[in-house]
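Enquirer: Structure for the following, please:
(chains A and B, ligands or ions: 2)
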Amino acid sequence: MIELEGLTKRYGDKLAVDGLTCTVRPGMVTGFLGPNGAGKSTTMRMMLDLDNPTSGTVRIDGRHYRQLHNPLRTVGALLDAKAIHGGRSAYNHLLCLAQSNGIDAVRVREVLDVVGLTPVARKRAKGFSLGMGQRLGIAAALLGDPQILMFDEPVNGLDPEGIHWIRNLMKSLAAQGRTVFVSSHLMSEMALTAEHLIVIGQGRLLADTSMSEFIAQNSRSFVRMRSPEGERLRDVLSGAGITAVPAADGALEVHGEDAEHLGELAARHRITLHELSPQRASLEEAFMRLTAGAVEYHAHPNHQARPPEAGWGADWQKKGS
Amino acid sequence: MTAPTPMPQQQPYWPGTAGPDGYVSPIPVREATLGDAVKAEWTKIRSLRSTMWTLGVMLVVVIGVGTLVAVVLAARASGTADRTSSALDLGFIGVLLGMLPVLTLGVLTLSSEYGTGLIRTTLTACPSRTRVLAAKAIVYFALTFVTTLVANTLVALIDQAALGGHTDYRDTAMDWLRATAGVSLYLSLLGLLALGIGGMLRHSAGAISTVLGLVLLPLILAMFLGSFRSLAAKLVEYSVPAQLSGFYPAANGPGGPGAGISLLIAAVLTAASLAGAHALMSRRDA
Ligand SMILES: Nc1ncnc2c1ncn2[C@@H]1O[C@H](COP(=O)(O)OP(=O)(O)OP(=O)(O)O)[C@@H](O)[C@H]1O
Ligand SMILES: [Mg+2]
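Expert: Ligands and ions are numbered 1, 2, ... in the order given. This next block holds a predicted model:
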């Protein structure tokens, strides 16, 4: 169990993490989401006592990280796969970590085997691909068979098979009763693995909820209707007290009504329909909507200068409505 | 490079159990100690080719130059040899050059971890900054002291064998001790000082330049201080090369303050440097 209390980190005048209070519980995968620069990596560094919080505390099973006698036996973390010395072999890299925590060298071979790096164990890490480096980082996290696991964007650089593997690994680790805390930008990725969600934007907590609740609340469903008699359809709908929002291609989007009801309504008024389709906004869109106000680093594909508050998320809202 | 084999098992095979308070590992736990950290640092330092290269260069330079000087002098020793100096003095030039790889290794021992980002992994495994710094200092010091002692002792024996008969100077046991163990201790202390500077600056190239500056700057400054003769003389006397020459029985150099005082100065500066590195490691973000 990891407890954050009012965790805050300021770099100069930049508030990277802002009063974060939440709990990461054992026995499940907790997804940690946020757009680029939201403060996910900074939060994880503070959890491991690498960065000193400006204020607030982190407790790992009730204790401060520096008070752990065998940190690797309690917490396994993959923060940055590049945090290795390229001149050292995968085996020796893991061996020195194991020795520092009094872990038997047998365990090094075990974890190399688990991540599939045994054939290159004696090769210098300098020559490793991104995905191989990531696997080495995962091996280091598993080394102490810890109760808590922390992964910062673990699928980064992995091939589809590796992604599939790490999803299953995280789920089975959580099923064994471990605390699994994993950061990502991808809501769709989290939807497949995480049971609980913590969403941050610009360092502030935006959501702390179970995955199923998040899906229920955020994946808006709506019905798309297209008709050659668009104006009349709108009048009929508004006559029935239903608001329809015109979409970009001339279709209408109706929220909060089911397709059967809308179809019957149109039929009663003898309106020809070319389309009547129930739609579900993707989780990715729900995530973007949630973090819309908190996205800092926007891409501007059409090079238009915009006011700062109308960014990527706002774009989506325009397109989607 | 061969590609890694596909992920073998879907089921993790750890036989741990899901207890009431979460996962319980079957692997026995014992509290990690400074000894464990030392073992880890020893694995780190010995598993890098750069360590082998640096110490190899040191051995070649110290032993090679020491032998070469002895051979050249022995060949023309018959008439012109200075019969008042000791054969041990001939080790000095090699050590002066061999000092550079020793200092470089000292800097790199800590700064390279910051350069690669490995320090974050290291501190995750061992969050006590005190323990990490102590383990690194112990391993570096022991390794450097032993290798420089081997090199200095070999050179002393070679020089004595080649030229001992051509001089009237009779070396005492203290002369031997200073030229072997004394020099090795002095070099290892300077290396630890460099390690501390590497930890404070965190940047390998910058820290190596700083250390070289500390070694050479007093001599260079002295050259430009013609009008302040007494200050210039002090700068020369307390420069590292001059202090190092003070470990040899009758070297004809400027002479330092003497081996004992030199070791004391080095020990104090090293302690200050390590204390500085410790303070900054504890306070700053990794
Ligand atoms: N060492 C540092 N010095 C100054 N600013 C920093 C430092 N580390 C992070 N920041 C700033 O803090 C903010 C949060 O960064 P962080 O890396 O935690 O974000 P993130 O959520 O991990 O982003 P990403 O998804 O891109 O990995 C960013 O604006 C970043 O510029
Ligand atoms: Mg990050």
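Enquirer: Now the terminal residues of stretch A:49-60, how far apart.
Expert: 11 Å (C-alpha to C-alpha, to the nearest Å).
Enquirer: Tell me which stretches of the stretch 51-200 of chain A form helices.
Expert: Assigned by DSSP state H, counting those that start in this stretch, the stretch 51-200 of chain A shows helices spanning A:71-74, A:90-100, A:106-115, A:130-142, A:160-175, A:187-193.
Enquirer: Likewise for the stretch 101-250 of chain B?
Expert: For the stretch 101-250 of chain B, applying DSSP H, counting those that start in this stretch gives helices covering B:118-125, B:129-163, B:173-177, B:183-201, B:204-223, B:229-237, B:240-245.
Enquirer: which one of the ones you listed has the most crowded surroundings?
Expert: Greatest average neighbour count among the helices of the stretch 101-250 of chain B goes to helix B:183-201 (a mean of 26), per mean count of other C-beta atoms under 10 Å in any protein chain shown. For every residue, glycine as well, the C-beta is placed using N, CA and C.
Enquirer: ok and that helix relative to helix B:204-223, angle-wise?
Expert: Here helix B:183-201 runs at an angle of 120 degrees relative to helix B:204-223 (axes from the mean of the first three to the mean of the last three C-alpha atoms, to 10 degrees).
Enquirer: mind checking how far helix B:183-201 is from the chain centre?
Expert: Mean-position distance between helix B:183-201 and its chain equals 6 Å (C-alpha atoms, centre = their mean, to the nearest Å).
Enquirer: What average pLDDT does that helix get?
Expert: Averaging pLDDT along helix B:183-201 gives 97.
Enquirer: Can you spell out which helices and strands pack onto that helix?
Expert: For helix B:183-201, the contact count by 3 or more C-beta pairs under 8 Å, 6 or more residues apart in numbering or on different chains; DSSP states H and E identifies helix B:91-116, helix B:129-163, helix B:204-223, helix B:240-245, helix B:259-283 as packing neighbours.
Enquirer: if we go to 7 Å?
Expert: helix B:91-116, helix B:129-163, helix B:204-223, helix B:259-283 (3 or more C-beta pairs under 7 Å, 6 or more residues apart in numbering or on different chains; DSSP states H and E).
Enquirer: Residue in the stretch 201-321 of chain A with the shortest distance to chain B?
Expert: A:Gly203 (15.9 Å; C-beta to the nearest C-beta).
Enquirer: mind listing what that residue touches?
Expert: When the contact criterion is C-beta atoms under 7 Å, 6 or more residues apart in numbering or on different chains, the partners of A:Gly203 are A:15-18, A:38-39.
Enquirer: Of those residues, select the buried ones using a PyMOL command.
Expert: If you want just the buried ones from these in PyMOL, going by 16 or more other C-beta atoms under 10 Å in any protein chain shown, the selection is:
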select buried, chain A and resi 15+16+17+18+38+39
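Enquirer: how close does A:Leu20 get to A:Lys40?
Expert: Applying C-beta to C-beta, to the nearest Å, the value for A:Leu20 to A:Lys40 is 10 Å.
Enquirer: ok so, going back, nearest to ligand 1, out of the helices and strands packed on helix B:183-201?
Expert: Each of the helices and strands packed on helix B:183-201 has some distance to ligand 1 by C-beta to the nearest ligand atom; the shortest is helix B:91-116, at 12.8 Å.
Enquirer: Next, see if that closest one gets close to ligand 1.
Expert: No - Helix B:91-116 is not in contact with ligand 1 by C-beta under 6 Å from any ligand atom; minimum separation 12.8 Å.
Enquirer: How about stretch A:72-89?
Expert: No - using C-beta under 6 Å from any ligand atom, stretch A:72-89 stays clear of ligand 1, with a minimum separation of 9.7 Å.
Enquirer: Quick check, pLDDT for residue 2.
Expert: I'll assume chain A. Value listed for A:Ile2 in the pLDDT field: 96.
Enquirer: wrong one, I was asking about chain B
Expert: B:Thr2 carries a pLDDT value of 46.
Enquirer: picking that back up, between the helices and strands packed on helix B:183-201, which one is closest to A:Met1.
Expert: helix B:129-163 (25.9 Å; C-beta to C-beta).
Enquirer: what helices or strands is the closest one leaning on?
Expert: With contacts taken as 3+ C-beta pairs under 7 Å, 6+ apart, helix B:129-163 sits against helix B:34-46, helix B:49-75, helix B:91-116, helix B:183-201, helix B:259-283.
Enquirer: Looking at those, which is nearest to B:Ser245?
Expert: Nearest to B:Ser245, of the helices and strands packed on helix B:129-163 and by C-beta to C-beta, is helix B:91-116 at 5.8 Å.
Enquirer: Output the lowest mean pLDDT helix or strand found in chain A.
Expert: Least confident helix or strand, chain A: helix A:312-320 with a mean of 39, by mean pLDDT, DSSP states H and E.
Enquirer: go on, chain B?
Expert: Lowest on mean pLDDT, DSSP H and E among the helices and strands of chain B sits helix B:77-80, with a mean of 54.
Enquirer: Can you list the buried residues in stretch B:276-286?
Expert: Applying 16+ other C-beta under 10 Å to stretch B:276-286 flags B:277-278, B:281, B:286 as buried.
Enquirer: what residues does it touch?
Expert: A:50-52, B:119-120, B:123, B:129-130, B:133, B:196, B:199-200.
Enquirer: so can I have TSV of those residues showing distance to B:Ala70?
Expert: TSV is the format used below for the contacts of stretch B:276-286 (distance: C-beta to C-beta, whole Å):
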residue	distance to B:Ala70
A:Leu50	52
A:Asp51	55
A:Asn52	56
B:Ile119	44
B:Arg120	49
B:Leu123	47
B:Arg129	46
B:Thr130	45
B:Leu133	40
B:Gly196	35
B:Gly199	38
B:Met200	40
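Enquirer: what residue ranges in chain A are flagged as low confidence?
Expert: Across chain A, the ranges flagged by pLDDT under 70 are A:219, A:294, A:296, A:298-321.
Enquirer: Can you name the residues of it that neighbour ligand 1?
Expert: A:11, A:14, A:16, A:34, A:36-42, A:185.
Enquirer: Show me what A:Phe151 is bridged to.
Expert: On the basis of DSSP bridges, A:Phe151 is bridged to A:Leu78, A:Val182.
Enquirer: re earlier: can you work out which residues contact both of A:Leu20 and A:Lys40?
Expert: A:Ile200.
Enquirer: quick revisit: format the buried residues of stretch B:276-286 as a markdown table; extra columns: distance to ligand 1 and pLDDT.
Expert: Shown next, in a markdown table, are the buried residues of stretch B:276-286 (distance: C-beta to the nearest ligand atom, whole Å; pLDDT from 0 to 100):
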| residue | distance to ligand 1 | pLDDT |
| --- | --- | --- |
| B:Ala277 | 20 | 97 |
| B:His278 | 21 | 97 |
| B:Met281 | 16 | 96 |
| B:Ala286 | 10 | 88 |
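Enquirer: From those residues, pick the one nearest A:Pro154.
Expert: Taking C-beta to C-beta as the measure, A:Pro154 lies nearest B:Ala286 of the buried residues of stretch B:276-286, at 20.8 Å.
Enquirer: Quick check, central residue of chain B?
Expert: With distances taken as C-alpha atoms, centre = their mean, B:Gly191 lies nearest the centre of chain B, 3.2 Å away.
Enquirer: residues contacting the nearest residue to that residue once chain neighbours are set aside?
Expert: Once flanking residues are discounted, B:Gly191 sits nearest to B:Gly106: 3.6 Å by C-beta to C-beta, 6 or more residues apart in numbering or on different chains. Taking C-beta under 7 Å, 6+ apart, we find B:Gly106 in contact with B:140, B:191-192, B:194-195, B:198.
Enquirer: for those, which one is nearest ligand 1?
Expert: Nearest member of the contacts of B:Gly106 to ligand 1, counting by C-beta to the nearest ligand atom, is B:Gly198, at 20.0 Å.
Enquirer: The closest one contacts B:Val107, correct?
Expert: Yes - the criterion here is C-beta atoms under 7 Å, and B:Gly198 meets it with B:Val107 at 3.9 Å.
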